[in-house]
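Asker: Structure for the following, please:
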Amino acid sequence: KFNMSEQQHAKDENSKLKAAVFVLGLSTVGLFASTIALAVQNNNSSNQSEETVDSLEAAGSNYLVPVDIVPDRTTTEVTSIFETATNVCADKKIQLDSVDCIHQPGPQAGANVTKGFKGLLETDVTPNTKNFWQSSMCPVNVHWHLGTEHYSVGEYDENGSGPNGNINVPYRRDLSEEEVQDGFRCHLYDPNDEAFTKPYDWKHCIEMEVGETYEVHWPHSAAGACGTVDQYQTPFYDGVFCNLGLEVFEKFTSQDLSNSVGVQGQIFTIVNDDTYYYPDLIRGWIVDEEMGMGQDIAMYTGSTTGESRSNEICSSYSPITWQVDRKCHKISASSFDKLCYDMKMQRDDMSDDLYAHGSRELVTPDYVANNQQTRRLTEKHEHDHSHGHSHVRGHQHHQWF
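Answerer: Numbers count the residues shown, from 1 in each chain. Now for the predicted structure:
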């Protein structure tokens, strides 16, 4: 009986061992099969990625632009608590009336920014040649003008072109009351390339046109509501003067103003081609050394602009620093539409800046400051004195008041 019991026990143990081996074998086979499937999947994904990269490189692009790069949402579905809160910059504009230019309220803009050009209006005020953020300044608005208010030979001048033609120097075309006064055009427009002619379905910007040239302005101020929900304002004067009361303002010297208030200007021709998509125009101009954007910069002191000013009627908001990109660049229509979307999402109502404003006529050299400077923003703070940069000290002290 004892031997029979031992034999039965051995059989039971053997059966258990066989069952365990069987289960382990099935698990191994399953794991092996899963590994093969995963390897095949990864190989297919790798092949697809390589094909995508190859196709993009062939198209001259290094990345894939998403299909839906401009949100469809036009307004918020609910009233946000941030919308109902107080806009601390509302109605902060300090009113200064335009005057007859013969009274010389200060140097004017926009000017000829061709390298080597020098204005004839003598001034002892110098432009702020730093990156604006280095002077505790932030963008308080963004808006743009039809054509350019500034003038750069070979880039945006009377020899440029667009779907609506161009203008001559320094005069404008005769316009009807409904038309917006336009400026100069870039040299990039090609009527035989559909990127310049194919209509774009605008979702947020108003009355914009593919192929046209626009000069974009980002007003900056050290008195803006920087880093808060009230930073961006329309009109831009509210943002510029947000934290600057009249009493403090009246104590500012011309140099104080030039150091504290400035405008970035960059010129674009719109193309219907998303390989030129840039998603963040609201924050300021594009600086990219490899693409030559925001590199060749003209700097001078001038004034606010717009078609209500001319060579007869001058702006009293002077002197402020202008930093203007001398080059013209392509930008996708979707980039502008995304900008307009972002403007709609600000606390302040920026709807009056969702379309192109009229351009001031090119300012005569008599009203342009003689303090032009130039540098590349990617370099250290250096000046180019090759054009005889000099000042006549004590000649004039232009004020904003």
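Asker: Show me what whichever strand or helix holds His329 is packed up against.
Answerer: Under the criterion DSSP states H and E, the helix or strand holding His329 is strand 320-332. Using 3 or more CB pairs under 8 Å, 6 or more residues apart in numbering; DSSP states H and E as the contact test, the elements touching strand 320-332 are helix 254-260, strand 261-271, strand 297-302. The way it works is simple: take the backbone N, C-alpha and C, and place the C-beta from them, glycine included.
Asker: In its sheet, which strands sit next to the shortest one, and in what direction?
Answerer: To tie it back to what came earlier, the one meant is strand 297-302. The pairing partners recorded for strand 297-302 under DSSP bridges are strand 320-332 (antiparallel), strand 373-375 (antiparallel).
Asker: for these, which one ends up most surrounded?
Answerer: Across the strands paired with strand 297-302, averaging neighbours per residue (mean count of other CB atoms under 10 Å) puts strand 320-332 on top, at a mean of 24.
Asker: Report the buried residues of stretch 346-366.
Answerer: Neighbour counts over stretch 346-366 (16 or more other CB atoms under 10 Å) mark 346-348, 350, 353-354, 356-364 as buried.
Asker: Could you tell me the end-to-end distance of it?
Answerer: 40 Å (CA to CA, to the nearest Å).
Asker: what does stretch 325-341 give?
Answerer: Its first and final residues considered, stretch 325-341 spans 25 Å by CA to CA.
Asker: So for it, mean pLDDT?
Answerer: What stretch 325-341 shows for mean pLDDT is 98.
Asker: nearest to Asp337, of the buried residues of stretch 346-366?
Answerer: Asp337 lies nearest to Leu354 out of the buried residues of stretch 346-366, by CB to CB, at 10.1 Å.
Asker: Tell me if I'm right that the closest one and Glu207 touch.
Answerer: No. Look at Leu354 against Glu207 with CB atoms under 8 Å: they stay out of range, at 9.1 Å.
Asker: what stretches of the protein score poorly on pLDDT?
Answerer: Filtered on pLDDT under 70, the chain yields the residue ranges 1-68, 73-78, 169-178, 375-401.
Asker: Please enumerate the helices of it.
Answerer: Read by DSSP state H, the chain holds these helices, from start to end of the chain: 2-58, 81-84, 236-240, 246-251, 254-260, 333-344.
Asker: Count the residues that sit near Val199.
Answerer: No, residue 199 isn't Val; it's Pro. Pro199 has 11 neighbouring residues, counting by other CB atoms under 10 Å.
Asker: Just give the closest residue to it, not the sequence neighbours.
Answerer: In space, Pro199 comes closest to Val210 once its chain neighbours are excluded; the distance is 6.4 Å by CB to CB, 6 or more residues apart in numbering.
Asker: Tell me who's in contact with that neighbour.
Answerer: Residues in contact with Val210 (CB atoms under 8 Å, 6 or more residues apart in numbering) are 163, 195-200, 270-272, 333.
Asker: returning to what we had before: the strands paired with strand 297-302 into JSON lines, with extra columns for distance to His217?
Answerer: Putting these into JSON lines (distance: least, CB to CB, whole Å) gives the following:
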{"stretch": "strand 320-332", "distance to His217": "9"}
{"stretch": "strand 373-375", "distance to His217": "19"}
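Asker: out of those strands, which comes closest to Gly302?
Answerer: Among these, the nearest to Gly302 by CB to CB is strand 320-332 (4.8 Å).
Asker: all strands for the stretch 51-200 of the chain, in order.
Answerer: Ranges of strands within the stretch 51-200 of the chain are 99-100, 138-139, 143-146, 156-157, 185-186, based on DSSP state E, counting those that start in this stretch.
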